[in-house]
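Asker: Curious how this folds, go ahead:
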Amino acid sequence: MTYRVLLKREPEGGYTVTVPSLPGCVTYGDTIEEAVKMAIEAIELYLESLREDGEEIPTEEDALEYALSVEAHA
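Answerer: Numbering: from 1, shown residues only. Below is the predicted model of the structure:
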């Protein structure tokens, strides 16, 4: 399965990773490589938990992704 992940650089260092298609699936790594490794582990555990609970496994088949730029007025 393929899931899109978002990495956010944190001011104190490291990266927070979220998985938009898996609500609450969040992890962290000190480097991008570690963050990606942690994301894979978090996704696997998340999916395992869903399977054990008999819940549907979300996919990104119908997901559309856009990046929007807006002007911010102070």
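Asker: And the strands in the chain?
Answerer: When assigned using DSSP state E, the strands of the chain occupy the ranges 6-9, 15-18, 26-29.
Asker: Need the winner for burial among the ones you listed.
Answerer: Mean neighbour count, computed with mean count of other Cβ atoms under 10 Å, is highest for strand 15-18 among the strands of the chain, reaching a mean of 19. Using the backbone N, CA and C atoms, a C-beta is placed for each residue, glycine as well.
Asker: Which strands and helices lie in contact with that strand?
Answerer: Judged by 3 or more Cβ pairs under 8 Å, 6 or more residues apart in numbering; DSSP states H and E, strand 15-18 is in contact with strand 6-9, strand 26-29, helix 32-52.
Asker: Show me what the second one is packed against.
Answerer: For strand 26-29, the packing partners by 3+ Cβ pairs under 8 Å, 6+ apart come out as strand 15-18, helix 32-52.
Asker: Low-confidence stretches in this protein?
Answerer: Of all residues in the chain, none has pLDDT under 70.
Asker: Just list the residues touching the residue minimising distance to the centre of it, thanks.
Answerer: Central residue of the chain (Cα atoms, centre = their mean): residue 19, 1.9 Å from the mean position. By Cβ atoms under 8 Å, 6 or more residues apart in numbering, the residues touching residue 19 are 3, 4, 5, 6, 25, 26, 39, 42, 43, 46.
Asker: Which two of these have the greatest separation?
Answerer: Within these, 6 and 46 form the most distant pair, 15.2 Å apart (Cβ to Cβ).
Asker: Figure out which of the helices and strands packed on strand 26-29 is closest to residue 68.
Answerer: strand 15-18 (17.9 Å).
Asker: how far is that closest one from where the chain is centred?
Answerer: 7 Å (Cα atoms, centre = their mean, to the nearest Å).
Asker: Show me what it is in contact with.
Answerer: If you take Cβ under 8 Å, 6+ apart as the criterion, strand 15-18 is touched by 5-10, 25-32, 35-36, 38-39, 42.
Asker: same thing with stretch 25-38?
Answerer: Here stretch 25-38 makes contact (Cβ under 8 Å, 6+ apart) with 5, 7, 10, 13-19, 39, 41-43, 46.
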